[in-house]
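Participant: Starting from these lines, generate the structure:
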Amino acid sequence: MTQQAERVAWLRAEIERHNQSYYRLDAPVVSDAQYDQLMRELQEIESAHPEWITPSSPTQRVGAAPLTAFGSVTHAVPMLSLGNAFDSEEVEAFDKRVADTLRAAGKLSPEQQVEYFCELKLDGLAISLRYERGLLVQAATRGDGQTGEDVTVNIRTIKSIPLRLTGDPADLPEVVEARGEVFMNLADFERLNETQRRRGDKVFVNPRNAAAGSLRQLDPRITAQRPLRFFTYGWGEVGDVQRPRHSDMLDWLETLGLPVNVPEHVVAQGARELLDYYSQVGAKRATLPYDIDGVVYKVNDLAAQRVLGFVARAPRFAIAHKFPAQEALTALLDIEVQVGRTGAITPVARLAPVFVGGVTVTNATLHNEDEILRKDVRIGDTVIVRRAGDVIPEVVGPVLEKRPAHARMFVMPTACPICGSAIEKLEDEAIARCTGGLFCAAQRKQSLVHAAGRKALDIEGLGDKLVEQLVDRGRIHSLADLFGLQALEIAGYDRMGAKSAENLIQAIAQAKKPSLGRLIFALGIRHVGETTARDLAVHFGSLDKLIAADEDALLGAPDVGPAVAGSIKRFFAEPHNIEIVRALQVQGVEPQPEAAARSAGLTGKTFVLTGTMPDWSREEASRQIVAAGGKVSGSVSRKTSFVVAGEDAGSKLTKAQELGVTVIDEAGLKQMLASAQD
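Facilitator: Numbering: from 1, shown residues only. The predicted model follows:
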């Protein structure tokens, strides 16, 4: 090897050593200027000898040419999510389930407690890194657990991620897959936002969004400029490597040069020590250099993990203990009203900006006038705002001791703020409504968005912004007008080019032959949901027969009561609604007959779907249930037969458990459907 080649090897090793010191250990041993000098020297040598450049050289982290799109990657080992616990009772129940299962299997004696590996739950983006013969060859997001996005080019720009594993490649497994979290330190996040502000660019609302947005840049050169970091917390495919405990495996991954959040790891025994760890982390959460949204407990013994196995897309041997919903105080500046698709008038709180639950909140729902009165919320109050996860922010209530003398009660307007029509509130309803119908532009917009949705006509590309432009420009007055659009006329709209316009027109053309149930649902008849629309389609067979049906005939349809029958009659009694139906026919919209249920095996059974399932979307699961004769409802009651719970199941699962409703997963639903066909 020549002297210059030896210098290249030394520079690469030295730069990577400094990368690890800075990004993994937060303990830099050289100044930025010294680091830059080493990098410049390496770049100059490689520029003179391009044949010496290797994929694992530190100079290759700067980013390549922009991508046109991300490819997909099928995970060799599925990337599982975790179930959640929100209080000590749920953690204790988890520990008891684990201990009982292991004792029944002879893996834990009566006097023993389960040993757990405890770690922080970083609020970032889950990533899988694939190394072959020690070299980083692929990186992918979690995606749906089976398939993720190929973000290899962008991941290579993150300096805490080794491009080559430590050690002799001959001693490494052929494949090593490390799983972990890409995130951004709070200080780095603030500096990034300051830079964005100086440039006049959009600032990020929180470090997680900044990390996820940076990693999904189609231009890797932008990603290379973002201060992203990575911690390893697990693994996928690792050849025939055998270690007895989860903690041992992480120790081994760290010896390969992969960053592991060692200082924050703890091994604990039983539920009591798990809760102690949770309390300790909660106490120092505000002082951590990064955002976390909870902690994670994993059974440490890998043989025990195999005994416990998995349910749906989550392991039975691990759980995330989430921190409680975050709340903050802010000023309620005003209360305005929004008009929904059915004319529903919803009061919305306009707030002084406040950072809560990971985002800056300026608006929050107040639900309805009765709720405002019940909570005694007044304009000018200091209010408690709550936001948990992706839930819409809500006003919990006022801080009465901070109420100013000028605070005033909210008064529901008597006229619609959009069209001026009268607002009315029926005696038996909590919701006030605009009486303007499709004369009201707000209702028209929301009706069109509803009609274009996946469960209705499924017109891809017709979103809120485009609908707003079409209505505001007077181009669209009803659903039928959509089918007369031309590509040339909308190509000049905001965010619409020639190709996008052509794609939209094709999607509209494909929507001309929907199933009858989808068309009925698309009309937006109040109280007529997706399942009821399909039942009506099967029962009446055509739209004309549905329009002609009197109330007695409507009541003869499955699950149609007086409220639904009355709503349908009122809808078709409106001349403008009949005009829309006839205009749709003139435009060539031909609804196709709705296939009757293939089996009566689930007749009389009502299902509620919650959470994310491994294979099916909720729409597909609903279709399968309805096709087998069952019903799908959006809420849990004592009449519910089964709740199908997937990952991140929320309040519906809790209510099912409280009411004693049977809970199944996707596998259980598929088995039930298969039995129904026999």
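
Participant: For Gly71, give me the backbone phi and psi.
Facilitator: Dihedral angles of Gly71 (phi, psi; degrees, to the nearest 10) stand at phi -80, psi 180.

Participant: Let me know whether it touches Val151 as I believe.
Facilitator: No: in this structure, Gly71 is not within contact of Val151 by C-beta atoms under 8 Å, at 9.4 Å. For glycine as for every other residue, the C-beta is placed from the backbone atoms N, C-alpha and C.

Participant: Same drill for those two, tell me which one is more crowded.
Facilitator: Counted by other C-beta atoms under 10 Å, Gly71 and Val151 do not tie: Val151 has more neighbours, with 25 against 11.

Participant: show me the contacts for that one.
Facilitator: 70, 127, 139-141, 215-216 (C-beta atoms under 8 Å, 6 or more residues apart in numbering).

Participant: and stretch 392-412, how far out from the chain's middle?
Facilitator: Relative to the chain's own centre, stretch 392-412 is displaced by 31 Å; criterion: C-alpha atoms, centre = their mean, to the nearest Å.

Participant: contacting residues around that stretch?
Facilitator: Contacts for stretch 392-412 (C-beta under 8 Å, 6+ apart): 327, 329, 332, 335, 337, 345, 347, 349, 356-357, 361, 363-367, 369, 372, 375-387, 423, 425, 432.

Participant: Name only those of the residues you listed that count as buried.
Facilitator: Burial by neighbour count, judged by 16 or more other C-beta atoms under 10 Å, picks out 332, 335, 337, 345, 347, 349, 356-357, 361, 364-367, 369, 372, 375, 377-387, 423, 432 from the contacts of stretch 392-412.

Participant: Those in helices, which ones?
Facilitator: The helices, defined by DSSP state H, take in 369, 372, 375 from the buried ones among the contacts of stretch 392-412.

Participant: Check the gap between the second one and Leu332 for me.
Facilitator: In this structure, Ile372 and Leu332 are separated by 10 Å, where distance is defined by C-beta to C-beta, to the nearest Å.

Participant: With the last one instead?
Facilitator: Remark: distance between Lys375 and Leu332 (C-beta to C-beta) = 11 Å.

Participant: related to what we said a few turns ago, now go through the contacts of Val151 and say which are in strands.
Facilitator: 127, 139-141 (DSSP state E).

Participant: Let's have those in TSV, adding distance to Arg164 and neighbour count.
Facilitator: Rendered in TSV, the data for these read as follows (distance: C-beta to C-beta, whole Å; neighbours: other C-beta atoms under 10 Å):
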residue	distance to Arg164	neighbour count
Ile127	18	25
Ala139	14	25
Ala140	19	25
Thr141	22	23
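
Participant: which of these sit farthest apart?
Facilitator: Pairwise distances across the ones in strands among the contacts of Val151 (C-beta to C-beta) peak at 8.4 Å, for the pair Ala139 and Thr141.

Participant: Need the overlap of contacts for those two.
Facilitator: With C-beta under 8 Å, 6+ apart, Ala139 and Thr141 have common neighbours 127-128, 151.

Participant: Tell me the one among the residues you listed nearest to Leu172.
Facilitator: Out of those, the member with the shortest distance to Leu172 (by C-beta to C-beta) is Ser128, at 17.3 Å.

Participant: which residues touch the closest one?
Facilitator: Contacts of Ser128 by C-beta under 8 Å, 6+ apart are 73, 75, 79, 139-142, 148, 177-179, 236.

Participant: Okay, strands next: where are they in the stretch 501-650 of the chain?
Facilitator: Secondary structure of the stretch 501-650 of the chain by DSSP state E, counting those that start in this stretch: the strands cover 606-610, 631-633, 642-645.

Participant: Identify the residues contacting the longest one?
Facilitator: The set of residues that contact strand 606-610 without belonging to it, under C-beta under 8 Å, 6+ apart, is 618, 621-622, 625, 630-636, 639-646, 649-650, 652-653, 656, 669.

Participant: again, only this time at 6 Å
Facilitator: Residues from elsewhere that reach strand 606-610 (C-beta atoms under 6 Å, 6 or more residues apart in numbering): 618, 621, 625, 630-633, 636, 640-645, 649, 652-653.

Participant: Also stretch 247-259?
Facilitator: With C-beta under 6 Å, 6+ apart, stretch 247-259 has contacts from 24, 117, 160, 162, 165-166, 178, 230-232, 243, 260, 300.

Participant: Redo these as JSON lines? Include pLDDT and distance to Arg199.
Facilitator: Converted to JSON lines, these look like this (pLDDT from 0 to 100; distance: C-beta to C-beta, whole Å):
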{"residue": "Arg24", "pLDDT": "50", "distance to Arg199": "29"}
{"residue": "Phe117", "pLDDT": "97", "distance to Arg199": "43"}
{"residue": "Ser160", "pLDDT": "89", "distance to Arg199": "25"}
{"residue": "Pro162", "pLDDT": "93", "distance to Arg199": "31"}
{"residue": "Leu165", "pLDDT": "93", "distance to Arg199": "37"}
{"residue": "Thr166", "pLDDT": "89", "distance to Arg199": "38"}
{"residue": "Ala178", "pLDDT": "96", "distance to Arg199": "34"}
{"residue": "Phe230", "pLDDT": "95", "distance to Arg199": "26"}
{"residue": "Phe231", "pLDDT": "96", "distance to Arg199": "29"}
{"residue": "Thr232", "pLDDT": "96", "distance to Arg199": "33"}
{"residue": "Arg243", "pLDDT": "93", "distance to Arg199": "47"}
{"residue": "Val260", "pLDDT": "95", "distance to Arg199": "35"}
{"residue": "Asn300", "pLDDT": "97", "distance to Arg199": "47"}
